[in-house]
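Engineer: Predicted structure and sequence below. I'll ask about it afterward.
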Amino acid sequence: MLPDDLARQPLDSATALPARFYVDPAMAALDRRAVFERGWQLVAHVSQLQAAGDHAIADLAGLPVIAVRGADSVIRVLHNVCRHRAGPIAQCDGLAAKSLRCRYHGWTYALDGQLRSAPEMQDAKDFNVEDIHLPRLAVRTWQGLVFAAMVEADAPPFDEFVAGIDARLGPDRGLNGYRDHHRATYDIACNWKVYVDNYLEGYHLPHVHPGLNRVLDYRSYRTELARWHSLQWSPLESDAALYGNGDALYYWLWPNTMLNILPGRLQVNRVLPLGVDRCRVVFDSWYAPDADAARRAADVEFSDVVQDEDVRICEDVQRGLASGSYAAGRLNPLRESGVHHFHELLRSAYRGNDTP
């Protein structure tokens, strides 16, 4: 990368990232090393881990992990990679497991990751199950969400990471009590940063999302920036059968977690890189206890429409970035401050430090 590409840029004269940041095959490894291995990533919601043995699997930019509640009630996040020959410990979420058994050769681990048995290994010299355990990640549970970091010392201090969000949500909008989980997954032909860029601005709302634009107030749409996250906020007016009235809060947490908080609904997006020109977006939705089935179904239908619109535009943008035509354009200081904030964090990560 050229030094000028990584230099800090003031918002009022900032340009977007160069196209090669989105299309160069070398970026996939750099993003994993400089961004994902040095941050907090969302793994699960506590509603998925209510009892001992309940577990949920996730992918952290290529690292398979499993979150599991132990017999001691502690939630741990472990590598979902058997220490024998890299088989999966779990291939799907599950409930009330007594142990964790590799799906490949049956090596069995306790819920805390300690190996308990390895079939037919009695002839292996100096082999002791006591010496083998699944590696653990650092874990923090906040607002009912379970986050993990590969190396805690390399990640932002967690209190800084979520600073100010609790106060903004207040006691009436805490995220712990949601339930009735629904998941939708989209594989998208774009770099993960294209999807994040798109999420971080409402500039495209009138042009890409006619339905969403009708329920949000574009003129009042605002972005607020914090050290490691940003908030997009808008008044909301919709049919009572959908969300009713109130406000829409769209939080982005570095590097790839989004919290879409509307009346009666928490939706979480995780953007997972699959290569330089592919990503997977996992949408998990939970609902307030008083949300009826019809309202949940209306939310799912509405969200699918919005996401389909985003998929199409993000794939078009990726084609434009790869075309050779694009030179980095100027950002809109009013509407794209969230994009600028994300790009400054990326530039800092690529420079090899954590000071944007």
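Structural biologist: Yep, it's here. Quick caveat: nothing in here was measured; it's all calculated off a predicted structure. Residues are numbered from 1 along each chain as shown.
Engineer: how about the strands in the stretch 101-250 of the chain?
Structural biologist: Taking DSSP state E, counting those that start in this stretch as the test, the strands found in the stretch 101-250 of the chain are 108-109, 115-117, 138-142, 145-149, 179-188, 222-225, 229-237, 245-253.
Engineer: In CSV, list the ones you listed along with mean pLDDT and mean neighbour count.
Structural biologist: Placement of C-beta: from N, CA and C, glycine included. Formatted as CSV, the strands of the stretch 101-250 of the chain follow (pLDDT from 0 to 100; neighbours: other Cβ atoms under 10 Å):
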stretch, mean pLDDT, mean neighbour count
strand 108-109, 98, 21
strand 115-117, 97, 16
strand 138-142, 97, 17
strand 145-149, 97, 23
strand 179-188, 91, 14
strand 222-225, 98, 15
strand 229-237, 96, 19
strand 245-253, 96, 19
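Engineer: Can you tell me which of those is nearest to V281?
Structural biologist: strand 179-188 (4.8 Å; Cβ to Cβ).
Engineer: Run through who's touching the closest one.
Structural biologist: Outside strand 179-188, the residues that touch it by Cβ atoms under 8 Å, 6 or more residues apart in numbering are 45, 47-48, 195, 274, 278-287, 289, 291, 296, 300, 303-304, 307, 311, 314-315.
Engineer: about what we covered before: columns distance to A28 on top of the strands of the stretch 101-250 of the chain, output as TSV?
Structural biologist: Converted to TSV, the strands of the stretch 101-250 of the chain look like this (distance: least, Cβ to Cβ, whole Å):
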stretch	distance to A28
strand 108-109	30
strand 115-117	32
strand 138-142	24
strand 145-149	20
strand 179-188	15
strand 222-225	27
strand 229-237	24
strand 245-253	21
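Engineer: So, low pLDDT: which residues of the protein?
Structural biologist: Low-confidence segments of the chain (pLDDT under 70): 1, 353-356.
Engineer: So which elements touch the longest helix seen in it?
Structural biologist: Longest helix of the chain, by residue count under DSSP state H: helix 293-322. Contacts defined by 3 or more Cβ pairs under 8 Å, 6 or more residues apart in numbering; DSSP states H and E place helix 293-322 against helix 20-23, strand 179-188, helix 192-199, helix 205-208, helix 210-215, strand 278-287.
Engineer: Which residue is the nearest non-sequential neighbour of L272?
Structural biologist: R280 (4.5 Å; Cβ to Cβ, 6 or more residues apart in numbering).
Engineer: for the one you found, what are its contacts?
Structural biologist: R280 neighbours (Cβ under 8 Å, 6+ apart): 59, 185-188, 271-272, 274.
Engineer: which of those lies closest to L134?
Structural biologist: Closest to L134, out of all of these and judged by Cβ to Cβ, is D59, at 15.9 Å.
Engineer: And for the closest one, the neighbour number?
Structural biologist: D59: 17 surrounding residues under other Cβ atoms under 10 Å.
Engineer: So in terms of bridging, what pairs with it?
Structural biologist: Taking DSSP bridges as the rule, D59 bridges to P64.
Engineer: go on, V282?
Structural biologist: With DSSP bridges as the rule, V282 is bridged to T185, R270.
Engineer: what does W142 give?
Structural biologist: Here W142, judged by DSSP bridges, has bridge partners L145.
Engineer: thinking again about what came up before, dump the helices and strands packed on helix 293-322 to JSON lines, plus distance to R335.
Structural biologist: Listed next are these as JSON lines, based on distance: least, Cβ to Cβ, whole Å:
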{"stretch": "helix 20-23", "distance to R335": "20"}
{"stretch": "strand 179-188", "distance to R335": "23"}
{"stretch": "helix 192-199", "distance to R335": "12"}
{"stretch": "helix 205-208", "distance to R335": "9"}
{"stretch": "helix 210-215", "distance to R335": "13"}
{"stretch": "strand 278-287", "distance to R335": "22"}
